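>>> kindly return the folded structure for what I paste below:
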Amino acid sequence: MMTNNDIFKKLRVALMLRDDQIIEILELVDFRITKSELGAFFRDEKHENYMECGDQVLRNFLNALVIHLRGTKENPKYPNDVLAKHKAQIPSKEGSKERPEFKAKPRDEEKSRGDEAPSKSRPATKNTKKKEYPKGNSKPQVVEKVKFNFGKNKKS
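Residues are numbered from 1 along each chain as shown. The predicted structure is shown next:
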């Protein structure tokens, strides 16, 4: 079962509302709440300053939200216009337009194309050359010089 806090959180996220906007909306029904009291509703349940959102707060918020989105009889509003205004007020992240979206390129573009088979000019097997060390000093492989007895005695 959803608690009042869960409902309040989901409404906040769905409508993209900031704390100061929620306070302004609550003032439409003459309900005053501080920013710190409001922040206590959105904290983790294990946090020491967590507060359960009461029925009165949620009821007043829903009534104020209706007025905020629809307006009054004398001054009606269109909810989609109000929501569009909220989206326009959200600040964009810094550097989001300057930095292009990263898209990884495939390693071998011919092999990754789905509409054509890879060309026959390159061999299909991998090149199995041993690693060459700089300055020509080849290091011996240690594993080849070790004899494993796997727990057996040497004399048996």
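>>> neighbours of residue 20, just the number please.
Per other Cβ atoms under 10 Å, the neighbour tally for residue 20 reads 10. To be clear about C-beta, it is placed using only N, CA and C from the backbone, and glycine gets the same treatment.
>>> quick check: buried residues in the host helix or strand of residue 11?
In the assignment (DSSP states H and E), residue 11 maps to helix 4-15. Within helix 4-15, the residues that count as buried by 16 or more other Cβ atoms under 10 Å are 4-5, 8, 12, 15.
>>> likewise stretch 64-84?
Judged by neighbour count (16+ other Cβ under 10 Å), stretch 64-84 contains these buried residues: 64-65, 68-69.
>>> what comes into contact with the helix holding residue 11?
Identification of contacts with helix 4-15 by Cβ atoms under 8 Å, 6 or more residues apart in numbering yields 17, 22, 41-42, 52-55, 57-58, 61, 65, 83, 86.
>>> quick one: residue 77 from residue 86, how far?
With distances taken as Cβ to Cβ, to the nearest Å, residue 77 is found 12 Å from residue 86.
>>> ditto for residue 71
With distances taken as Cβ to Cβ, residue 71 is found 15 Å from residue 86.
>>> check residue 25 too.
From residue 25 over to residue 86 the distance is 11 Å, taken as Cβ to Cβ.
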